[in-house]
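Novice: this one's structure only:
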């Protein structure tokens with residue numbers, strides 16, 4: 001069991017559920033927005049994902065697991081847009097397995113999507 005990581009929240013819950021209690025996870029998820037609102041819902045992104053995963057069927061980092069995530073690299077989706085580049089161009093993607101994607105996202109985006117920038 002663990003205590004919610006949100007300051008002042010006394011909620012205790014199973015460790016396997018992450019770092020926040022159920023109500024704070026729900027609140028954070030609502031604030032995050034839908035995948036479409038974050039730019040991942042359209043035909044362009046589906047094409048990007050399909051192309052990257054067809055090209056990189058095995059994770060390019062661990063070279064062991066099947067690639068299941070199309071990761072924007074070397075720039076994030078937002079950085080590509082800010083640079084005026086097409087974030088749906090497969091040249092700016094790489095195929096990663098889920099564990100490697102989580103590790104890379106944590107390194108590249110300290111604090112995750114909820115961090116202030």
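Specialist: Yep, it's here. Source: prediction; values computed, not measured.

Novice: for the worst-scoring helix or strand of the chain on mean pLDDT, which positions count as buried?
Specialist: Sorting the helices and strands of the chain by mean pLDDT, DSSP states H and E puts helix 22-32 at the bottom, at a mean of 80. Residues 24-25 are the ones in helix 22-32 that count as buried (16 or more other C-beta atoms under 10 Å). No exception for glycine: its C-beta is placed from N, CA and C like everyone else's.

Novice: other SSEs contacting the helix or strand following it?
Specialist: Moving toward the C-terminus from helix 22-32, the next helix or strand (DSSP states H and E) is helix 43-55. Under the contact definition 3 or more C-beta pairs under 8 Å, 6 or more residues apart in numbering; DSSP states H and E, helix 43-55 sits against strand 69-72, strand 93-96.

Novice: For helix 43-55, buried residues please.
Specialist: 45, 48-49, 51-53.

Novice: could I get these as TSV with distance to residue 98 and pLDDT?
Specialist: Below are the buried residues of helix 43-55 laid out as TSV (distance: C-beta to C-beta, whole Å; pLDDT from 0 to 100):
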residue	distance to residue 98	pLDDT
45	18	85
48	18	93
49	14	92
51	19	96
52	14	97
53	12	97
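
Novice: on that earlier part again, of all the helices and strands packed on helix 43-55, which lies closest to residue 63?
Specialist: strand 93-96 (10.8 Å; C-beta to C-beta).

Novice: For the residue most central in space within the chain, pull up the helix or strand it's in.
Specialist: Nearest to the geometric centre of the chain sits residue 105, at 6.1 Å (C-alpha atoms, centre = their mean). Using DSSP H and E, residue 105 falls within helix 98-108.
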